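> Task: produce atomic coordinates for the following.
(2 chains)
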Protein chains: 2
Amino acid sequence: MTGPTPYVLSESEVLSRLRSKRGETGYRAMFSSWLGGIITDPALMQIPLDDHLVHRGHGVFDTCTLSDGRLYRLGVHMDRLLHSASLARIEHPWSKEELIQMVADTAGKADIRDGAVRYWLSVGPGGFSPSPQECPEACFYCVIFDPIPLGGAHSDPLTDGISEATVRDTPMKPTLLATIKSNNYLLNVLTHMEAVDRGGTFGILVDDDGYVAESCVLNVVFVTENGTLRTPPFDGILFGTTVRRVMDLASTVLLEEGLVSSVVQSPILASEVSGDLVKEMFLCGGDTHLYPVISWDGTAVGDGQIGPVAERLTELLDGEAFGGAPGDPVDFIDVNYEH
Amino acid sequence: MTGPTPYVLSESEVLSRLRSKRGETGYRAMFSSWLGGIITDPALMQIPLDDHLVHRGHGVFDTCTLSDGRLYRLGVHMDRLLHSASLARIEHPWSKEELIQMVADTAGKADIRDGAVRYWLSVGPGGFSPSPQECPEACFYCVIFDPIPLGGAHSDPLTDGISEATVRDTPMKPTLLATIKSNNYLLNVLTHMEAVDRGGTFGILVDDDGYVAESCVLNVVFVTENGTLRTPPFDGILFGTTVRRVMDLASTVLLEEGLVSSVVQSPILASEVSGDLVKEMFLCGGDTHLYPVISWDGTAVGDGQIGPVAERLTELLDGEAFGGAPGDPVDFIDVNYEH
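Model (predicted):
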């Protein structure tokens, strides 16, 4: 790796190198409150090194889904962002409506009608100490991107389901850190990596008492043999937006259709899953992603097939987000592509 | 906060806005392996938004001190960086010597002979998922800056000492996260903020069993009434470089001078400090920063004065880093300002 001594780059060299590093990306638009505007050139989608988001993890984030020119469930995600910001003690000047508007404005310049959305609220740039007192201006950043891997196939986990593995070497986050959706995600990353090593996909965290907690960035849901849809309580794990929608849909549509008999949030022992108690198990997150788990630590879950509850919920989430079923109208924000 | 609808910025608008946001800063030089060069314009000191350091906390960092054109203890810090990177499972192509060279090259363009040094090793840019598999190129970033607050006075905590407070609402990190020096520092930040709220300065974390752990970004050291210099073992807390140097100096110079009778790493109960056991207490970090704690939760530590051990260690650390005492020659890397 030893090369020539690095020299001081001119502005034009910085720009040309930034461009040469970027092949095609799916990044369509980025808003930065620091700049007060939107960037559509992926090479320029950067944030200041001294932003405490970068070097102190003092920032929170959330997501949503751009679907046919509408932002699906942005309000619910924004509520969580504001809750995370409050727990992380990030002072900022924005109302929920203003934050939503910034996301919608960014999407309006993104030149795609379907895509993924990420946004961060940070204490902002100001120095390299741990104290936010040196940060005069909180920052909001938002990116709209096409999440489809370039040149890659659109994998459909519903076709095959996934295998999972219990994560044993990566610890759970302390409750406060698990509750705040921040960029302090190293343990989530290591959870995922360990899961893959063990033949799993996203990983299942089990607490010291043997109860199922969560996956790396997903909530865990079970359907028991008596038809109960059951998911762990939110203490000590992420307050998932998708799992909440799953519970809503289960306790209305699925109950009516007879696919589930009840919906409860209660602790569930990992050891219960290996018995006959559980018919279905799945992970969910990202608004529309539902991953049926057909084996866990090498043992089939239920009959080792994708079950009817996972199948129907996927249909409902997809229908709601991507059309077909209109869904609750308050759950959509229209993007204005005109201005 | 509602303003005009943000519009798409041209490249020149991005650059002019980046410049207009920056008043005078102390940032003198930044190296980015992503760019393969050094930047001296603070406005351009940015990193890609999609770097997993930014949005997933998948990066580690370390520091050192630039002193009279020499990098003090860079080797020790670099060993820790590599250990952190290994625990964080960051694959990268660099040897310790190459990393040191990149820091030294950056310092060579920094136009100051005294300053602070920060560097980060990240899995790099590549997308917004938790998986580093989408990141083709690990990145190394380094910044050299003048840490003196602009226009502010150089405060000298040795003159007055500091007050500290036990942090009760912010949890400790799990051991793995405490051991890896990563940018997952939100709990450290909240520890500091809570400490200030409670009348302290950096905060003292005490574990569930009542043992002193660490401060927000500093290790805690005590001198007991029999002259023992005592600091908690490194399990579950940061493997501090400064506290290790403090132990070295104490077990050689201070022992010889009769200022301490022994040096031990063993657990210490917070309740022991409020009794007569402890004569001195101080926090240390950042190579040369030693903060005597003269009161803790409103109670005087020892006789409420700065003690002779803290005073002598400050003298030794300063002397070693900033001249006077030459220190161990292997602990310095000379910066080449010529090329």
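> Which SSE is immediately downstream of the helix-or-strand element of chain A with minimal mean pLDDT?
Ranked by mean pLDDT, DSSP states H and E, the weakest helix or strand in chain A is helix A:157-160, scoring a mean of 66. Downstream of helix A:157-160, the next assigned helix or strand under DSSP states H and E is strand A:162-164.
> Tell me how far that next one lies from the chain's centre.
19 Å (Cα atoms, centre = their mean, to the nearest Å).
> Sheet partners, orientation included, of that strand?
Paired neighbours of strand A:162-164 in the sheet (DSSP bridges): strand A:289-296 (parallel).
> So in that sheet, which strands flank the following helix or strand past the strand it pairs with, and in what orientation?
Of the helices and strands lying after strand A:289-296 in sequence (DSSP H and E), the nearest is strand A:299-300. In the sheet containing strand A:299-300, its partner strands are strand A:289-296 (antiparallel), by DSSP bridges.
> who's in contact with the strand it pairs with?
Strand A:289-296 is contacted from outside by A:157-158, A:160-166, A:201-202, A:204, A:218, A:242, A:246, A:273-274, A:280-284, A:300-301, A:304-307, A:310-311, A:313-314, A:317, using Cβ atoms under 8 Å, 6 or more residues apart in numbering or on different chains. Placement of C-beta: from N, CA and C, glycine included.
> Report the buried members of those.
Among the contacts of strand A:289-296, those scoring as buried are A:157-158, A:161-166, A:201-202, A:204, A:218, A:242, A:246, A:273, A:280-284, A:301, A:306-307, A:310-311, A:313-314, A:317 (criterion: 16 or more other Cβ atoms under 10 Å in any protein chain shown).
> Double-check A:Glu13 against B:Gly36; I have them as touching.
No - with contact defined as Cβ atoms under 8 Å, A:Glu13 does not reach B:Gly36; the gap is 9.6 Å.
> The stretch 1-150 of chain A: strands as residue ranges?
Assigned by DSSP state E, counting those that start in this stretch, the stretch 1-150 of chain A shows strands spanning A:27-32, A:37-39, A:46-48, A:59-67, A:70-72, A:115-122, A:139-145.
> Parallel or antiparallel, list what pairs with the first one.
According to DSSP bridges, the neighbouring strands of strand A:27-32, each with its direction, are strand A:37-39 (antiparallel), strand A:139-145 (antiparallel).
> Deepest-packed of those, please.
Mean neighbour count (mean count of other Cβ atoms under 10 Å in any protein chain shown) peaks for strand A:139-145 among the strands paired with strand A:27-32, with a mean of 25.
> Alpha carbons of it, as PDB, please.
Included here for strand A:139-145 are C-alpha records, laid out as PDB according to Å, rounded to 0.1, in the frame of the first residue of the first chain:
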ATOM      1  CA  CYS A 139     -28.300  19.500  11.000                       C
ATOM      2  CA  PHE A 140     -30.800  17.500   9.000                       C
ATOM      3  CA  TYR A 141     -29.700  15.400   6.100                       C
ATOM      4  CA  CYS A 142     -31.900  13.300   3.900                       C
ATOM      5  CA  VAL A 143     -31.100  11.000   1.000                       C
ATOM      6  CA  ILE A 144     -33.500   9.400  -1.600                       C
ATOM      7  CA  PHE A 145     -32.000   6.400  -3.300                       C
END
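> Would you mind listing what in the stretch 101-250 of chain A touches chain B?
Within the stretch 101-250 of chain A, the positions lying close to chain B (Cβ under 8 Å from any Cβ of the partner chain) are A:101-102, A:105-106, A:109, A:116, A:118, A:120, A:125, A:128, A:130-132, A:141, A:143, A:145, A:147, A:170-177, A:180, A:182-190, A:192-193, A:216-217.
> Mind splitting chain A into its structural domains?
If you go by automatic domain parsing, the domain ranges for chain A are A:13-145, A:157-322.
> Save the ones you listed as JSON lines, and put in distance to B:Leu18 too.
Formatted as JSON lines, the domains of chain A follow (distance: least, Cβ to Cβ, whole Å):
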{"stretch": "domain A:13-145", "distance to B:Leu18": "7"}
{"stretch": "domain A:157-322", "distance to B:Leu18": "22"}
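> For A:Glu214, give its distance to A:Pro233.
Separation of A:Glu214 from A:Pro233 (Cβ to Cβ, to the nearest Å): 11 Å.
> let me fix that: A:Arg80
Taken as Cβ to Cβ, the span from A:Arg80 to A:Pro233 is 17 Å.
> How about A:Val206?
Shown here: A:Val206 relative to A:Pro233, a distance of 15 Å by Cβ to Cβ.
> Tell me which of the two has more neighbours.
Higher neighbour count among A:Val206 and A:Pro233: A:Val206, with 19 against 11, using other Cβ atoms under 10 Å in any protein chain shown.
> Find the nearest non-adjacent residue to A:Asp207, please.
Among residues not flanking A:Asp207 along the chain, A:Ala213 sits closest, at 5.2 Å (Cβ to Cβ, 6 or more residues apart in numbering or on different chains).
> Please enumerate the helices of the stretch 151-300 of chain A.
All helices of the stretch 151-300 of chain A, identified by DSSP state H, counting those that start in this stretch, fall at A:157-160, A:175-179, A:186-197, A:241-249, A:255-257, A:270-274.
> got the buried residues for the shortest one?
Put plainly, it is helix A:255-257. Of the residues in helix A:255-257, A:Leu255 count as buried by neighbour count, 16+ other Cβ under 10 Å.
> average model confidence for it?
Mean pLDDT, helix A:255-257: 97.
> Restricting to C-alpha, output stretch A:229-240 in CSV.
Written as CSV, here are the backbone C-alpha positions of stretch A:229-240 (Å, rounded to 0.1, in the frame of the first residue of the first chain):
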residue,chain,number,x,y,z
LEU,A,229,-49.4,-13.7,16.6
ARG,A,230,-46.8,-12.9,19.3
THR,A,231,-43.9,-10.5,19.4
PRO,A,232,-41.6,-9.4,22.2
PRO,A,233,-42.5,-6.2,24.1
PHE,A,234,-40.6,-3.1,23.1
ASP,A,235,-38.5,-2.7,26.3
GLY,A,236,-34.9,-3.0,25.4
ILE,A,237,-35.4,-3.4,21.7
LEU,A,238,-36.3,-1.1,18.8
PHE,A,239,-39.8,0.4,18.7
GLY,A,240,-40.3,-1.0,15.2
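> In it, which residues are buried?
Across stretch A:229-240, burial judged by 16+ other Cβ under 10 Å covers A:Leu229, A:Arg230, A:Thr231, A:Pro232, A:Phe234, A:Gly236, A:Ile237, A:Leu238, A:Phe239, A:Gly240.
> if we take the residues you listed, which one ends up nearest to chain B?
Among the buried residues of stretch A:229-240, A:Gly236 lies closest to chain B (Cβ to the nearest Cβ), at 10.8 Å.
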